[in-house]
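Novice: The following block contains a protein sequence and its predicted model.
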Amino acid sequence: MKFFIDTANLSEIQQAQDMGVLDGVTTNPSLMAKEGISGIENIQAHYAAICSIVDGDVSAEVISTDYQGMIKEGLELVKIDPKIVVKVPMISDGVKAIRYFSDNGIRTNCTLIFSSGQALVAAKAGASYVSPFIGRLDDVSTNGMDLIESIRVIYDNYNFETEILAASVRHPMHIIQCAHLGADVMTGPLSAISALIKHPLTDIGLEKFLADHAKATK
Ligand code: G3P
């Protein structure tokens, strides 16, 4: 399972990279705005900075909602760095744009996926990744994991190569459940990734080992 971090914060990306388990980064317009990044040149420079920190894929989202606009933006985004994956919303023009990018060797991440039907269409259009938003489904009393399970079955039935990128991950149990269900990738906050490491019995055990060692070497 690949681990992506879902942020545009350079310090958090660096911390995740330094942990040695990071495979990529996802961003979205809200996350970029949260970092105070605006204006084409600043946005491009920020993506370049992210790409300089990580080894893997970096999803950069288009703002346009029309086909021509998405193509223009996507072609600009991929010039920044070969790690860039163009993130495209699941709307009709987005599906057309994914087909164009796929036919032209440009990788895409189809975002805002809330149903298995949407994921099926994205895969048929040639998306490299689909991003089902599990946390936002949980927020409206719908089990996000059911969607991951359903997409996994559909993709396996037809050997689609599109990778399931579980997004809107909020906590470590989301990551573990996604791993059980065979999501290819999860993207979440640094807090969720870091929380996987923690266990009170590990801390207690380590404290005892060190205390015993200290006693024996007095
Ligand atoms: O990047 C998209 C997705 O991960 C957003 O997550 O927490 O805003 O629902 P969230």
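Specialist: Received, thanks.

Novice: where does the most centrally placed residue in the chain fall, phi/psi-wise?
Specialist: The centroid of the chain falls nearest to residue 187 when counting by CA atoms, centre = their mean (3.5 Å). Note on residue 187: backbone dihedrals following degrees, to the nearest 10 are phi -120, psi 130.

Novice: just the strands in the chain please.
Specialist: Along the chain, counting by DSSP state E, strands occupy 2-6, 24-26, 57-61, 84-89, 108-113, 129-132, 163-166, 185-188.

Novice: Among those, show me which one is buried the most.
Specialist: strand 129-132 (a mean of 29; mean count of other CB atoms under 10 Å). Any C-beta I mention is one placed from the backbone N, CA and C, and that applies to glycine too.

Novice: what pairs with that strand, and is each one parallel or antiparallel?
Specialist: Note on strand 129-132: by DSSP bridges, its sheet partners are strand 108-113 (parallel), strand 163-166 (parallel).

Novice: between those strands, which one is nearest to residue 36?
Specialist: Comparison of those against residue 36 by CB to CB identifies strand 108-113 as nearest, at 21.9 Å.

Novice: thinking again about what came up before, of the strands of the chain, which is nearest residue 197?
Specialist: strand 2-6 (12.0 Å).

Novice: Turn the strands of the chain into JSON lines, columns for distance to the ligand.
Specialist: Output for these, formatted as JSON lines (distance: least, CB to the nearest ligand atom, whole Å):
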{"stretch": "strand 2-6", "distance to the ligand": "4"}
{"stretch": "strand 24-26", "distance to the ligand": "5"}
{"stretch": "strand 57-61", "distance to the ligand": "8"}
{"stretch": "strand 84-89", "distance to the ligand": "8"}
{"stretch": "strand 108-113", "distance to the ligand": "6"}
{"stretch": "strand 129-132", "distance to the ligand": "6"}
{"stretch": "strand 163-166", "distance to the ligand": "9"}
{"stretch": "strand 185-188", "distance to the ligand": "6"}
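
Novice: Redo these as JSON lines? Include distance to residue 18 and mean pLDDT.
Specialist: Shown next, in JSON lines, are these (distance: least, CB to CB, whole Å; pLDDT from 0 to 100):
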{"stretch": "strand 2-6", "distance to residue 18": "12", "mean pLDDT": "98"}
{"stretch": "strand 24-26", "distance to residue 18": "14", "mean pLDDT": "98"}
{"stretch": "strand 57-61", "distance to residue 18": "17", "mean pLDDT": "98"}
{"stretch": "strand 84-89", "distance to residue 18": "22", "mean pLDDT": "98"}
{"stretch": "strand 108-113", "distance to residue 18": "24", "mean pLDDT": "98"}
{"stretch": "strand 129-132", "distance to residue 18": "24", "mean pLDDT": "98"}
{"stretch": "strand 163-166", "distance to residue 18": "23", "mean pLDDT": "98"}
{"stretch": "strand 185-188", "distance to residue 18": "17", "mean pLDDT": "98"}
